[in-house]
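sequence? don't have it. structure:
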């Protein structure tokens, strides 16, 4: 099972994250299949960069996003695009 989740980088109290597609059984910061985007909550406003083509590809293949990633996808419009593509099929 593939999950789309955050992979933590940075120092203590200065985190930034990569949004990655990874096997569910792998460690949080372990091996991943593909990098989908970046998220930095320390910036004001928070920096979010998502490659929507890759995100839609993985969602279409059945990858499950975590709650935080689902919220980021909703703000970026990826969820709406995914639901629209599902309705047209």
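That came through fine. Only a predicted model underlies this, so the values are computations on that prediction, with no experimental measurement involved.

next one: the residue minimising distance to the centre of the chain from residue 84, what distance?
Centroid check for the chain by Cα atoms, centre = their mean gives residue 19 as the closest residue, at 3.9 Å. The gap separating residue 19 from residue 84 is 21 Å, by Cβ to Cβ, to the nearest Å. Using the backbone N, CA and C atoms, a C-beta is placed for each residue, glycine as well.

how about low-confidence regions in this structure?
Where the chain drops to pLDDT under 70, the residues are 89.

ranges for the strands of this structure?
Secondary structure of the chain (DSSP state E): strands at 2-11, 14-23, 34-40, 47-50, 64-65.

can you put these in JSON lines and add distance to residue 77?
Below are the strands of the chain laid out as JSON lines (distance: least, Cβ to Cβ, whole Å):
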{"stretch": "strand 2-11", "distance to residue 77": "16"}
{"stretch": "strand 14-23", "distance to residue 77": "15"}
{"stretch": "strand 34-40", "distance to residue 77": "13"}
{"stretch": "strand 47-50", "distance to residue 77": "9"}
{"stretch": "strand 64-65", "distance to residue 77": "14"}
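
if anything else comes up later, I'll come back, but that's it for now.
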